[in-house]
Structure formats: structure tokens, C-alpha cells
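Student: Sequence plus the predicted model coming up.
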Amino acid sequence: MIKKLNHVAIAVPDMDKAIAQYKNQLGAEVGEVKDLPDHGVTTVFVNVGNTVIELLHPLGDNSPIAKFLEKNPNGGMHHLCYEVDNINEAAQKLKADGARVLGEVKTGAHGKPVLFMHPKDFSGTLIELEEV
């Protein structure tokens, strides 16, 4: 069902500092910072060649990233995103297999449909599926 890893998302307490680390210390190509109000995050993608790192920072007090950073004040890995051909078919199959889907399909940072799967069903890792 999954095609490939799309990105690894990292929650960061200081977006400017994280961008500077990836750009200046690691020499990575950093994209444009975007606010995603529907997801409650500010995001930027970092191209590292064979995949992409998504840096996430809270956008508002009700952001899921704000809650994550309360528990992990230094930040850390937030989720893995995998590509799928059809998000609705993937969700139906996963639900039929007993996995819990979190919320509804939304438009993600790449302008494509995304959906999150409960971390308790995937070895403690939050999974995002993105339709390609």
C-alpha cells in the first residue's frame, strides 16, 4: 500500500534556530516557511537528498505541536509520512485491519490529501499518509 517515505517531521521549539542549524551547520536546502492554520502548525521542508525533513512549530495555543512540545520541550521526531496512491482506499483498509484513523482527510502542506494514523497502532509512531 505505501509507496515510499515522503518525509520525517520534527517538532521544534525555535523555528529560526532549527532552520539555521539545517542551513548553516548541515548545509541543507531549506524551503519557504508556511503557516497551516487548518493543522495548527508553521512548517518548512528541508531537502536532504534522499528524503525531506519537515520542521514543525506551533501555530496557536491549540496546536498539536504545542502539546507535543509541552511533553518534549527540546523538540523531537513527531511523525513519519508515507505516500499512498489513494488516501480513501488506504484509510478503509487500515480501518478494516483495526487501525485508528485520527480525524478526517485534510489538505496537507504539499496541497495534497493527508490523514494521520494513531501511534498506538504503529509501534508508538504517528503515521501520516499523503496521497500522490
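Tutor: Perfect, thanks for sending it.
Student: So which residues of this protein form strands?
Tutor: With DSSP state E as the criterion, the chain has strands at 5-11, 29-30, 34-36, 41-47, 52-58, 76-84, 101-107, 113-117, 126-131.
Student: Nearest to I19 among the ones you listed would be which one?
Tutor: Comparison of the strands of the chain against I19 by CB to CB identifies strand 29-30 as nearest, at 5.5 Å. All C-beta spots, glycine's among them, are computed from the backbone N, C-alpha and C.
Student: Pairing partners for the closest one, with directions?
Tutor: Paired neighbours of strand 29-30 in the sheet (DSSP bridges): strand 41-47 (antiparallel).
Student: tell me the mean pLDDT over the longest helix along the chain?
Tutor: Criterion DSSP state H: the longest helix present in the chain is helix 87-96. Mean per-residue pLDDT for helix 87-96: 96.
Student: So that it lines up with my notes, have the first residue be 365 from now on.
Tutor: Let's use 365 as the start, then, which means that last one is helix 451-460.
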